[in-house]
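Visitor: compute the structure for the input listed below.
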Amino acid sequence: MISTQIIIAVSALYLAVLFYIAYRGDRQAGGWIVRYQPLIYTLSLTVYCTSWTFFGAVGNAAQHGLTFFSIYLGPILVFLLFHPFLRKLVNVSKRQKATTIADFIATRYGKSHQVAALVTIIALVGTLPYISLQIKAIAGAYDALGVSSVMSGIVSHRIDTGLGLTLILAVFAILFGARTIDASVHHRGMILAIGFESLIKLTAFLVIAGLAMQLLVQVAAQSEQLTAAEFTLVPFQGGTSWTCRS
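Guide: Here you go, the predicted structure:
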């Protein structure tokens, strides 16, 4: 296991970098942020691949093959084929100054407060289990690295890892997201931080993929039946029996 002090230091540094990026993004209204805005917003879309993706999607792909791709097919098709619909959605939201799904649906019913409240409750109930999975995945990653009491050095009483992370994420969301609810505000700081985090995610996936291919080559060298490329396709073929050289 990695030293607790090292993980705390790296985690604190990473969070500090995210806070700094978000702060600079909010303070810098123009310049290179505007110039690279299409790239930044494209990277921010990978927020769809949450922390649970590392736990769920990868294992899903290994066990069930191409069926894991189904949850990503819908968003991909929307962005590829339904761009006019998305543009109209954004334009209507700006015109009606709708900042949430509750506001947007309420505008279709005369901006009814009752409808907005009902949609808010449904959205809250529907998203809470999913949010809990994200917190569980992050806390699980910390604990797996050896930080079962990561927050114990911060306060005198031991705090659950998930609770500590939840508080940090809540503070980040309040400072750079919920602080302003005007539909004309773009929250460039938060988007920039998400875009940076997306680069970290992509790098992590590429490193893991490289490690997996290296392991496949090593295992294939001991196999009498399959090559490394054929080993890669095993999860998508419902499993294949193979033997290793003695």
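Visitor: CA atoms for contacts and neighbours, from now on please.
Guide: OK.
Visitor: can you show me the helices along the chain?
Guide: Secondary structure of the chain (DSSP state H): helices at 4-27, 32-35, 37-44, 51-64, 70-81, 83-96, 101-107, 113-144, 161-173, 188-220, 228-232.
Visitor: any idea which of these is most buried?
Guide: helix 101-107 (a mean of 18; mean count of other CA atoms under 10 Å).
Visitor: residues in contact with that one?
Guide: 93, 96, 98, 111-113, 115-117, 119-120 (CA atoms under 8 Å, 6 or more residues apart in numbering).
Visitor: dump those residues to CSV, plus distance to T161.
Guide: Shown next, in CSV, are these (distance: CA to CA, whole Å):
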residue, distance to T161
S93, 37
Q96, 40
A98, 35
K111, 41
S112, 40
H113, 37
V115, 37
A116, 34
A117, 32
V119, 31
T120, 28
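Visitor: closest one of those residues to V17?
Guide: V17 lies nearest to A98 out of these, by CA to CA, at 30.9 Å.
Visitor: ok, V119 - contacts?
Guide: With contact set as CA under 8 Å, 6+ apart, V119 has these partners: 101-102, 105.
Visitor: where in the protein is pLDDT low?
Guide: 1-2, 29-34, 54-55, 146-160, 176-186, 223-246 (pLDDT under 70).
Visitor: neighbouring contacts of stretch 126-134?
Guide: Taking CA under 8 Å, 6+ apart as the rule, stretch 126-134 contacts 50-52.
Visitor: got these as CSV, with distance to Q28 columns?
Guide: Output for the contacts of stretch 126-134, formatted as CSV (distance: CA to CA, whole Å):
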residue, distance to Q28
T50, 27
S51, 29
W52, 32
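Visitor: so which of those residues is the closest to R87?
Guide: So of these, ranked by how close each gets to R87 (CA to CA), first place is T50, at 24.5 Å.
Visitor: phi, psi for the residue nearest the centre of the chain please.
Guide: With distances taken as CA atoms, centre = their mean, the residue of the chain nearest its centroid is T50 (2.5 Å). Torsion angles at T50 (phi, psi; degrees, to the nearest 10) stand at phi -80, psi -180.
Visitor: quick one on the thing from earlier: now, among the contacts of V119, which is nearest to G56?
Guide: Of those, the one sitting nearest to G56 (CA to CA) turns out to be I101, at 26.5 Å.
Visitor: distance check, the closest one against Q5.
Guide: 42 Å (CA to CA, to the nearest Å).
Visitor: next one: L192
Guide: 29 Å.
Visitor: for D26, same thing?
Guide: D26 is 32 Å from Q5, by CA to CA.
Visitor: next one: A209
Guide: 28 Å.
Visitor: equivalent analysis for P38, please.
Guide: 38 Å.
Visitor: and for L202?
Guide: Counting by CA to CA - L202 and Q5 are separated by 26 Å.
Visitor: next: T50.
Guide: Counting by CA to CA - T50 and Q5 are separated by 26 Å.
Visitor: again, but for V115
Guide: In terms of CA to CA, V115 sits 49 Å off from Q5.
Visitor: also S11?
Guide: 10 Å.
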